[in-house]
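In: need a 3D model of the sequence below.
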Amino acid sequence: MKKIIFALVLLIFSSATSLLAFEGDKFGKPLTLTEPTKVSEIEKSPQAFVGKRVLISGTVVEVCSTRGCWLDIASDTPFEKIQAKVTDGVIVFPMSARGRTAYVEGVVEELKFSKKDALKYQRHKAREKGIPFDPATVTGPQTIYRLRAHGAVIEK
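Out: As a prediction, the model looks like this:
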């Protein structure tokens with residue numbers, strides 16, 4: 001009887017492990033979640049996700065060209081996206097990720113900026129993207145939600 005239970009547990013474990021095997025280039029820590037959360041759900045109710053570990057998937061629409069330290073992932077809703085940010089130098093995403101499907105796991109975080117800090121942040125973002133920055137676009141304090149990424153798989 002113990003052998004049957006052991007075999008059954010082993011079968012269940014190996015089936016669950018195979019679900020975690022995302023195919024593609026792996027970055028950072030291995031993915032542990034199997035069911036992606038829709039980016040649109042995070043965008044719709046970001047406060048409900050702050051501090052929670054999630055797996056997102058979508059097309060990479062932009063990559064940090066300076067350090068490869070973030071990816072912008074397209075939402076399932078047109079014109080929405082979420083940024084997956086890593087600590088500079090810990091993971092370096094390649095520019096070739098653009099246009100490919102990515103699975104990114106991490107914790108949703110909230111960044112609250114005063115107007116002064118929002119100006120600094122947006123100026124920095126423009127510099128990373130290599131685009132001009134217009135300070136008039138920052139009209140007050142800002143709150144930004146993004147994913148503090150721990151690991152990713154980018155399909156080939």
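In: flag the shaky bits of the chain, pLDDT-wise.
Out: When residues are selected by pLDDT under 70, those of the chain lie in 1-21.
In: repeat the analysis, applying 90 as the threshold.
Out: The model of the chain has pLDDT under 90 over residues 1-22, 65-66, 88-89, 125, 127-130.
In: what separation do you get for the residue nearest the centre of it and residue 141?
Out: Central residue of the chain (Cα atoms, centre = their mean): residue 84, 3.1 Å from the mean position. Distance, residue 84 to residue 141, by Cβ to Cβ, to the nearest Å: 24 Å. In this view, the C-beta of every residue, glycine as well, is placed from N, C-alpha and C.
In: report the buried residues of stretch 76-87.
Out: In terms of neighbour count (16 or more other Cβ atoms under 10 Å), stretch 76-87 has its buried residues at 80, 81, 82, 83, 84, 85, 86.
In: separation between the second one and residue 140?
Out: Here the distance between residue 81 and residue 140 works out to 22 Å (Cβ to Cβ).
In: touching, the residue nearest to the centre of the chain and residue 106? I think so.
Out: Yes - applying Cβ atoms under 8 Å as the test, residue 84 and residue 106 come out as touching, 6.4 Å apart.
In: what touches both of these two?
Out: Both residue 84 and residue 106 are contacted by 147, 149, under the criterion Cβ atoms under 8 Å, 6 or more residues apart in numbering.
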